[in-house]
Structures are given as C-alpha cells and as structure tokens.
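Trainee: Pasting the sequence and the predicted model now:
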Amino acid sequence: MSQRPVDDAGWRALGGEPGMMALVADFVDRMISDPIIGFRFVGVDRDRLLRRELEHASEILGGPLRYEGRPLAAVHRRLGIHAGQLRRRLAILAAVGRAHGADPVALAAWVEADRALGPFLIDPGDCHG
Ligand code: HEM
C-alpha cells in the first residue's frame, strides 16, 4: 500500500531493527494505554500488533522487513475510526519518536506516510474535521 523509498536511509537513521523495535514497542504501548484511543485496542494481541507495525514501518522506511499482516483498509474500515483518532495516533508517534531522540527527517517521513494513508483507513462517513 505504501510506496517504497529508494534506499534504507530512513530505517538506518532510526536505528535499524533494534532501534525500530524499541521505538515501535513504546509506540504500541502508548497507543494501547492512551486515554483517548486506548479503548480501541482492548482485546488486541499486543505482540502481534507490534510485529505488524514494525513490518509496516519497515516498508515505509526502506527496511528489510516485509509486511505480513492483513490489508490495512479492510482491517480499519470496519472499526469506524474517526479523523481525530488518527490525529491522536500521529501525535503519539511523533512524541515517542522525539522521546527516543529519533532523526527528525526520518521521523517526519514516517509520520507523513501514516497521515497520507489515513483517509483510506478512517470511517468514510466521518466529517474529517
Ligand atoms: C496510518 C495509520 C495506521 C496504520 C499504518 C496502522 C497500522 C496497523 C497495522 C499494521 C495493524 C495490524 C494489522 C494486522 O493484524 O494484520 C493494525 C491493526 C489495528 N489498528 Fe491500526 N493503523 C493505523 C491507524 C489506526 C488508528 C487511527 C486506530 C485507532 C485509533 C487503529 C487501530 C487499530 C486496531 C484496533 C487494530 C487491531 C485490529 C484487529 O486485530 O482486528 N489503527 N493497524
């Protein structure tokens, strides 16, 4: 679903697999325990979500891992996610990245790739405000 970057500079700038594993683990844990969007993840297998998010980020950032999860639009459309919940995810990702001292250019590329994907995942009936 994402367009592949020409090289793995973004993935390497964010610490390769060990750095990204730590970052994505914090990201997933922050989403799951978040007062605004945490309710969405009740009953979701945390370790499986972590693996799939890591693979997906690898595709965005030119890393070696390939996404092995389900098609994201199908998974998310049935959840009825609102634009505000997507914005919350993006804010958490940016905050976790900064907390890890992540390279700002690579982090911004990741956040923007997620933002661009958003309209395909959120509830088409939402006001997108
Ligand atoms: C561009 C934005 C997003 C990306 C890249 C993304 C990525 C992912 C990935 C890779 C999975 C795993 C799919 C699988 O298990 O096969 C997933 C599942 C999930 N996502 Fe997202 N997500 C996004 C936005 C959101 C938002 C905004 C929410 C809600 C606040 C959300 C809630 C969930 C939930 C609840 C699941 C588990 C669904 C299930 O296991 O049935 N996602 N997401």
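Mentor: Done, it's in.

Trainee: Can you pull the phi and psi angles for residue 101?
Mentor: Phi and psi for residue 101, reported as degrees, to the nearest 10, are phi 70, psi 30.

Trainee: no wait, residue 16
Mentor: Here is the backbone geometry of residue 16 (degrees, to the nearest 10): phi 60, psi -160.

Trainee: For the nearest residue to residue 118 once chain neighbours are set aside, the count of nearby residues, please.
Mentor: Once its chain neighbours are removed from consideration, residue 118 has its nearest residue in residue 86; the separation is 4.5 Å (Cβ to Cβ, 6 or more residues apart in numbering). Where you see a C-beta, it was placed from the backbone N, CA and C, and this is true even at glycine. Residue neighbour count, defined by other Cβ atoms under 10 Å, stands at 22 for residue 86.

Trainee: On the three-state scheme, residue 76 is what?
Mentor: Secondary structure state of residue 76, per DSSP: H, G, I helix; E, B strand; the rest coil, is helix.

Trainee: confidence score at it?
Mentor: According to the model's per-residue confidence, residue 76 sits at a pLDDT of 97.

Trainee: The one 3 residues further on too?
Mentor: Predicted confidence (pLDDT) at residue 79: the value is 95.

Trainee: Quick one: classify it as helix, strand or coil.
Mentor: The local conformation at residue 79, judged by three-state DSSP, is coil.

Trainee: circling back to that earlier point, show the average pLDDT along the helix or strand hosting the residue nearest to residue 118.
Mentor: Using DSSP states H and E, the secondary-structure element containing residue 86 is helix 83-99. Computed over helix 83-99, the mean pLDDT rounds to 98.

Trainee: That one and the ligand, any residue contact?
Mentor: Yes: shown here: helix 83-99 in contact with the ligand (Cβ under 6 Å from any ligand atom) through 85, 86, 89.

Trainee: hang on, the earlier thing: list the contacts of the residue nearest to residue 118.
Mentor: 115, 118, 121, 122 (Cβ atoms under 8 Å, 6 or more residues apart in numbering).

Trainee: Is there a quick PyMOL command that grabs whichever of the residues you listed are buried?
Mentor: Here the buried members of these are turned into a PyMOL selection, burial being counted by 16 or more other Cβ atoms under 10 Å:
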select buried, resi 118+121+122
